[in-house]
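**Q** here is a sequence together with a model predicted from it:
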Amino acid sequence: MDPDLRAAELMEAIKRAGARPTPQRRAVCLALARLDHPSAEAVWREARKVLPEVSLATVYNTVALLGKAGEAYTIEVGSGAGRYEVRNLRPHAHFYCRSCGRIWDLPLPPDLGLPLEVGTEVESTTLVVKGKCPTCARAGARPEEVGEA
């Protein structure tokens, strides 16, 4: 999807949540729409290209607001630095390269057939596959939990 259109959708979610659609929030939404699984620092750097006065606190607050609106969530990869993803309705997991820090989506079947008790209500699932990407595997890179890519 076009990043400008996705950023506009995220801004609409902010308005529906009752928050003001500020230029700083728009810059954060545009950064989230442009980047693939970014850290807070990567969102901050990208947002500052549009609006230099955006603070890191604004990034955290905007992502938290989008999380409450169901539009964004944090992918925990175990390195201490979470990564963000805007709502993606396709069933998917994530692959995390421990050497270079890259993350990408892995498609999953729509029905995983998880054995759950009748009446169980699943709120969320997260599957992160960790290892080395093909480039790092060919280069013989050591797996080191990187904080940011």
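**A** The structure has been received and is ready for your questions.
**Q** so how far is the host helix or strand of L65 off the chain centroid?
**A** If you go by DSSP states H and E, L65 is part of helix 56-68. Its chain's average C-alpha position is 12 Å from that of helix 56-68, according to C-alpha atoms, centre = their mean, to the nearest Å.
**Q** and the helix or strand that it is followed by, C-alpha only, in PDB?
**A** For helix 56-68, the following helix or strand on the C-terminal side (DSSP H and E) is strand 72-75. Extracted in PDB, the C-alpha atoms of strand 72-75 (Å, rounded to 0.1, in the frame of the first residue of the first chain):
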ATOM      1  CA  ALA A  72       0.000  -1.200  15.600                       C
ATOM      2  CA  TYR A  73       1.800  -3.600  17.800                       C
ATOM      3  CA  THR A  74       5.300  -4.400  19.000                       C
ATOM      4  CA  ILE A  75       7.200  -7.500  17.900                       C
END
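**Q** so what touches strand 72-75?
**A** By C-beta atoms under 8 Å, 6 or more residues apart in numbering, the residues outside strand 72-75 that reach it are 10, 32, 37, 63, 66-67, 82-87, 94, 103, 124, 126, 128. In this view, the C-beta of every residue, glycine as well, is placed from N, C-alpha and C.
**Q** and it, which residues are buried?
**A** A72, Y73, T74 (16 or more other C-beta atoms under 10 Å).
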